[in-house]
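>>> Pasting a predicted model and its sequence here:
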Amino acid sequence: MFWSALWLLLGRALRLRCPVCGKAPMMRDWFHVKERCPACGHVFEREEGYYTGAMALNLVITEGVVAVVVLPATLLQAPIIPVLAIAILGSVGLPLLAFPYARALWVVVDLLLHPLDE
Ligand SMILES: [Zn+2]
């Protein structure tokens, strides 16, 4: 039950669809989440400060990816300039690319922790 719900919600979130119904896009544009789902009416931002967890999720995911690339390169003593360039570009660019996905994944985390039927 939990795992099937998790995969369903994750699939919808990774397509940036409403995790509740999967019928409508949840983003107005790349950096703005719609107030509610046009198909099912689910309010995405359940309370003020709701997306603080999404920011933390975005930070952990993107800096984790940068660390996975930069740490081995550093340990293998790769030239420092390209490693720094990758680290800087990754630290700035990946959070922007991951922004809507972090928000959608945060809605999934919230739905798993606080199901709608409670
Ligand atoms: Zn919906």
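Received, thanks.

>>> Which strand or helix spans the spatially most central residue of the chain?
Taking CA atoms, centre = their mean, the centroid of the chain lies closest to residue 102, which sits 1.4 Å from it. Per DSSP states H and E, residue 102 falls inside helix 80-113.

>>> Show me what that helix is packed against.
helix 2-14, strand 27-29, helix 52-75 (3 or more CB pairs under 8 Å, 6 or more residues apart in numbering; DSSP states H and E). Where you see a C-beta, it was placed from the backbone N, CA and C, and this is true even at glycine.

>>> These: which one's closest to the ion?
When the helices and strands packed on helix 80-113 are compared by CB to the ion, helix 2-14 sits nearest the ion, at 8.8 Å.

>>> What is that closest one packed up against?
helix 80-113.

>>> And the helix it packs on, what's buried?
For helix 80-113, burial by neighbour count (16 or more other CB atoms under 10 Å) applies to 83, 87, 90, 94-95, 98-108, 110-111.

>>> can I assume residue 22 is in contact with residue 10?
No - applying CB atoms under 8 Å as the test, residue 22 and residue 10 come out as separate, 11.2 Å apart.

>>> Residue 50 and the ion, how far apart?
16 Å (CB to the ion, to the nearest Å).

>>> Surely that residue is in a strand?
No - going by DSSP: H, G, I helix; E, B strand; the rest coil, the assignment for residue 50 is coil, not a strand.

>>> and it, what is it in contact with?
By CB atoms under 8 Å, 6 or more residues apart in numbering, the residues touching residue 50 are 106, 110.

>>> residue ranges with poor pLDDT in the protein?
118 (pLDDT under 70).

>>> which parts of it sit against the ion?
18, 20, 21, 37, 39, 40, 42 (CB under 5 Å from the ion).

>>> do that again at 8 Å, thanks
Within reach of the ion by CB under 8 Å from the ion, the chain has these residues: 17-24, 26, 37-42.

>>> Kindly write the PyMOL command that selects the buried subset of those residues.
Here is the PyMOL command that selects the buried residues among these (16+ other CB under 10 Å):
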select buried, resi 17+18+19+20+22+26+37+42
